[in-house]
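Chemist: I would like to see how this sequence folds:
(one chain, ligands or ions: 1)
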Amino acid sequence: MPTIPRHKRLAIYKRDKWRCRYCRIPVRYSCKAIGMDDYATLDHRMAKAQGGGSAYGNLVTACAKCNGAKAALSVGDAWDSGALPVWPGETLV
Ligand SMILES: [Zn+2]
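Modeler: Numbering: from 1, shown residues only. A predicted model of the protein is given here:
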């Protein structure tokens, strides 16, 4: 799995205001936070297996807990893009 460059990763966390886009808790990004529920991760809105790429618009900030929960679900289950919260004035591309 190709790694998303750090600068791109950070740009997405910043765009999403350092909050999980699913449960909205503030997330952290540091070595010490790895393994914790609020550790910042990137989630592919459209899974790679479904043809989703690593474009800016296909990646969202997710806490480790939500990302783990999503992985356990079949693709599209309750997590489709239509259900994603969008911040006021923001367009989710
Ligand atoms: Zn979450």
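
Chemist: Counting neighbours, what do you get for I25?
Modeler: 14 (other C-beta atoms under 10 Å). Using the backbone N, CA and C atoms, a C-beta is placed for each residue, glycine as well.

Chemist: ranges for the strands of this structure?
Modeler: Taking DSSP state E to define them, one finds strands in the chain at 40-44, 59-63.

Chemist: elements contacting the last one?
Modeler: Packing partners of strand 59-63 (3 or more C-beta pairs under 8 Å, 6 or more residues apart in numbering; DSSP states H and E): helix 6-15, strand 40-44.

Chemist: if we go to 10 Å?
Modeler: Contacts of strand 59-63 with other secondary structure elements, assessed using 3 or more C-beta pairs under 10 Å, 6 or more residues apart in numbering; DSSP states H and E, are made with helix 6-15, strand 40-44, helix 64-71.

Chemist: low-confidence ranges in this structure?
Modeler: Across the chain, residues meeting the criterion (pLDDT under 70) sit at 1-2, 70-93.

Chemist: who in it is up against the ion?
Modeler: 20, 22-23, 63, 66 (C-beta under 5 Å from the ion).

Chemist: Is there a quick ChimeraX command that grabs whichever of the residues you listed are buried?
Modeler: Only the buried members of the residues of the chain next to the ion enter the following ChimeraX selection, criterion being 16 or more other C-beta atoms under 10 Å:
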select :20,22,63,66
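
Chemist: Return the residues in contact with C20.
Modeler: 26-27, 37-38, 40-41, 43, 60-67, 85 (C-beta atoms under 10 Å, 6 or more residues apart in numbering).

Chemist: Which residue is the nearest non-sequential neighbour of it?
Modeler: Of all residues not flanking C20 in the chain, C63 sits nearest, at 3.9 Å (C-beta to C-beta, 6 or more residues apart in numbering).

Chemist: residues contacting the one you found?
Modeler: 19-28, 36-41, 43, 69.

Chemist: same thing but at 7 Å, please
Modeler: When contacts are counted by C-beta atoms under 7 Å, 6 or more residues apart in numbering, C63 touches 20, 23, 25, 27, 37-39.
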